[in-house]
Structures are given as structure tokens and as C-alpha cells.
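> need a structure here:
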Amino acid sequence: MYIRKIFRTLVLAAAFFAAGSLYLPGVSLAADVWCCSRDGRSFYLDSESINAETLPREMDYRASVKVVRESDGSLEKTVIYGFESQNDELVGAIYDKAAGVWKFPEYKSEKPVLTSVWKTMKPYMKQKRIPYSDSWIWK
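Below you'll find the predicted structure:
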């Protein structure tokens with residue numbers, strides 16, 4: 001008698017556990033995707049931020065990137081990168097929050113990070129059906 005009650009309770013608990021583990025929330029979770037590491041810092045793209053309405057306009061493609069110190073894993077800053085095509089040449093910029101403007105950095109020092117961010121963004125842009133061209137070359 002007791003064995004039957006215990007067995008039913010275990011089966012019921014297992015059913016609830018199985019149903020709960022299969023349930024997927026309606027809201028997608030943001031993913032921080034590693035782009036590159038440089039000068040003791042790692043750059044992580046916030047995949048949900050690509051072309052988000054909350055990011056500054058002017059650039060055709062925008063995304064938020066978290067800069068993390070590799071020494072202790074702490075967040076150093078969040079940077080907004082922007083990209084646009086100018087005459088079939090891809091141009092990258094960094095948003096200066098204090099001044100409220102896009103700044104075009106010297107490519108010698110920033111081009112590797114900009115390139116990595118752009119390459120990391122592309123699969124997520126494809127997933128979001130944001131059109132871009134693979135034929136663009138870096139200016």
C-alpha cells in the first residue's frame with residue numbers, strides 16, 4: 001500500500017521535473033559571444049544588441065561589446081561599435097558616449113578589434129535577417 005503511494009509520488013515528481021526541464025522561456029536570453037583578445041582584454045559581443053533601438057543611430061550596423069580584463073575577469077567598459085558601407089567599403093566607428101558622436105579610430109590600432117567584432121556580428125545579423133554584403137572591403 002505504502003509502496004504504491006511512494007511509487008506514484010516518485011513518478012509524479014519525475015513527470016514534473018521532466019516537463020519543467022523541457023519548458024523553454026518565451027524570452028530569448030542574450031548571449032555574450034567572444035570576439036577576440038588583445039592587450040590583456042577580451043571583447044564579448046552582446047548578440048541581442050545588434051541594431052537595437054536603444055543604440056545610437058547614424059550607423060547602418062551597431063552592437064554593444066563588453067571589454068573584460070583577462071587578469072581578473074572584471075568588466076572594464078562597454079563599447080558601442082558601428083559599421084556602414086561607403087561606396088562598397090566597410091567603415092567602422094566607435095561611439096563616444098561623452099561627446100554623443102561616432103568617432104572613426106585610427107585603423108592601425110583598432111582595425112583588428114573592429115574586424116573581429118564585424119565577423120562575429122555577421123551570423124547574428126543573418127539570423128535576424130539584417131542584410132549586409134560579404135563583398136565589402138575595409139577602408
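
> Tell me which stretches of the protein form helices.
In the chain, the segments counted as helices under DSSP state H are 2-22, 107-127.

> Which of those helices has the lowest mean pLDDT?
Note on these: lowest mean pLDDT is at helix 2-22, with a mean of 55.

> wait, doesn't residue 65 sit right on residue 43?
Yes: at 5.3 Å, residue 65 counts as touching residue 43 under the criterion of CB atoms under 8 Å. All C-beta atoms are positioned from the backbone trio N, CA, C, and that covers glycine.

> what's the closest non-adjacent residue to residue 33?
residue 45 (4.7 Å; CB to CB, 6 or more residues apart in numbering).

> Let me know whether the one you found touches residue 119 as I believe.
No: counting by CB under 8 Å, residue 45 stays clear of residue 119, with 9.9 Å between them.

> When those two are compared, which one has more neighbours?
Taking other CB atoms under 10 Å, residue 45 and residue 119 do not tie; residue 45 has more neighbours (25 against 12).

> show me the contacts for the more buried one.
Counting by CB atoms under 8 Å, 6 or more residues apart in numbering, residue 45 touches 32, 33, 34, 35, 63, 64, 65, 117, 120, 121, 124.
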